[in-house]
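Undergrad: coords please:
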Amino acid sequence: MMADHYLSVLRGERSVDPVVLLAPLSGVTDLHMRRIAQGAGASAVVSEMVAAAEFARGSEEARLRAEGSGIAPHIVQLAGCAPEPMAEAARIAAANGADVIDVNMGCPAKIVTGIASGSALMRDLDHAARLLGAVREAVSIPVTVKMRLGWDHHGLNAAELARRAQALGLNAVTVHGRTRQQFYKGSADWDAIRPVVAAVSIPVIANGDVKDLSSARACLAASGAAGIMVGRAAVGRPWLVGALAAGLARRPVPTLSRSARAGLAAAHYAGLIALYGAAMGVRHARKHLAAYADAAGGLDAAERTRLLTTTDPEVADRLLRAAFEAAPAIAEAA
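TA: So this is what the prediction gives:
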């Protein structure tokens, strides 16, 4: 049902309920986090950023980032600076079951912008359009693009990039309400997304600083967007995305018990061990363990340190469950 809702929005069908997506977060939104968010009611979830050239070359790391088993719709976000590798990566992703290709033109990280990828593409819209056109021509599935307001406040060109994307046949755009030069400093400017909404007829998704139902409603009101994308606020509580979707649709917000949240967090940890192997899985999981522990608030400093430093999956599992079981309260979406 949620998958049908999101895909119908991409097809241009009118929707009363806003869509709420889990944002792509490099090194964070792994397969298991996405499964939890989807199972909790997210409209859709997006893969980690996948380096198109590496994926096209058959990199195992890139393949794992793009993995979407059990996810529907399966959205793969690709990043790159050249049309040919982007097109080839899109073809491979579609052949492997992707339902949507999202093009990254918003990542502000220096390691990405330094190779003329991510938000650096907003400095040359002609080249950005060539890249989008190559991906659009390569696949028959929907193609979307995620961007920022612009490279800096002297070049707020998100509306123009969105117009070009629409002219090329893309199905939706997502706009983070900051420039690249802001990184994640200050506050997202949701009002600045409204001109992008006005510039195109395809759906626009607003992103940045949505952390609860109140901010979700304020973001939609300020931007006029068709939906929101939630990133950092969902780390440690991936069920938040579905809770916001329910709240914005005026459906009852699901309540998860401490033990249910503990079980999901433990399943996430176990899934990472299974996906990457014990040694790499433990390292990959630490950022999630820290986020879950901090969101739950049920561990003292010594227990938290032990959770993040142990290499014994059984010890980590026990402490992770204890973090939720001892939590003083359960924070809801509202």
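
Undergrad: From residue 161, how far off is the closest residue to residue 42 other than its chain neighbours?
TA: In space, residue 42 comes closest to residue 241 once its chain neighbours are excluded; the distance is 4.0 Å by CB to CB, 6 or more residues apart in numbering. Quick note: C-beta positions are derived from backbone N, CA and C, even for glycine. Using CB to CB, to the nearest Å, residue 241 is found at 26 Å from residue 161.

Undergrad: of these two, who's got more company?
TA: Legend: neighbour count by other CB atoms under 10 Å for residue 241 and residue 161, higher for residue 241 (31 against 24).

Undergrad: The more buried one looks like it's in a helix, true?
TA: Yes. Residue 241 forms part of a helix when assessed by DSSP: H, G, I helix; E, B strand; the rest coil.

Undergrad: and residue 282, how far is that from residue 81?
TA: For residue 282, the distance to residue 81 - CB to CB - is 33 Å.

Undergrad: What about residue 116, how many residues nearby?
TA: Counted with other CB under 10 Å, residues neighbouring residue 116 total 14.

Undergrad: tell me the phi and psi of the closest residue to it other than its chain neighbours?
TA: Of all residues not flanking residue 116 in the chain, residue 81 sits nearest, at 4.3 Å (CB to CB, 6+ apart). Residue 81 adopts backbone torsions of phi -120, psi 0, taken as degrees, to the nearest 10.

Undergrad: swap in residue 203?
TA: Here is the backbone geometry of residue 203 (degrees, to the nearest 10): phi -60, psi 140.

Undergrad: So it is in contact with residue 174, correct?
TA: No. Between residue 203 and residue 174 there is no contact under CB atoms under 8 Å: 9.1 Å.

Undergrad: higher neighbour count, these two?
TA: More crowded of residue 203 and residue 174, by other CB under 10 Å: residue 174, with 28 against 22.

Undergrad: can you list contacts of the helix or strand containing that one?
TA: Here residue 174, judged by DSSP states H and E, is contained in strand 172-176. Contact with strand 172-176 is made by 9-10, 21, 102, 106, 142, 144-149, 158, 161-162, 165-166, 188, 193, 196, 200, 202-208, 223, 225-226, 229, as judged by CB atoms under 8 Å, 6 or more residues apart in numbering.

Undergrad: how far out from the middle of the chain is stretch 295-302?
TA: Computed by CA atoms, centre = their mean, to the nearest Å, the separation of stretch 295-302 from the middle of its chain amounts to 26 Å.

Undergrad: Now it: average pLDDT?
TA: Mean per-residue pLDDT for stretch 295-302: 89.

Undergrad: List every C-alpha atom in it, with coordinates, as PDB.
TA: Provided in PDB are the C-alpha atoms of stretch 295-302 (Å, rounded to 0.1, in the frame of the first residue of the first chain):
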ATOM      1  CA  ALA A 295      17.600   7.700  21.500                       C
ATOM      2  CA  ALA A 296      16.600   5.200  24.200                       C
ATOM      3  CA  GLY A 297      18.600   6.800  27.000                       C
ATOM      4  CA  GLY A 298      18.700   3.700  29.200                       C
ATOM      5  CA  LEU A 299      22.400   3.200  29.600                       C
ATOM      6  CA  ASP A 300      24.900   5.000  31.800                       C
ATOM      7  CA  ALA A 301      28.200   6.200  30.400                       C
ATOM      8  CA  ALA A 302      30.100   3.100  31.200                       C
END
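
Undergrad: buried residues in that stretch?
TA: Neighbour counts over stretch 295-302 (16 or more other CB atoms under 10 Å) mark 295, 296, 298, 299 as buried.

Undergrad: now swap in stretch 111-121 and tell me
TA: Here stretch 111-121 shows 112, 113, 117, 118, 119, 120, 121 as buried, counting by 16+ other CB under 10 Å.

Undergrad: where's that stretch relative to the chain centroid, distance-wise?
TA: 18 Å.

Undergrad: Looks like residue 144 contacts residue 168 (just checking).
TA: No. Counting by CB under 8 Å, residue 144 stays clear of residue 168, with 11.6 Å between them.
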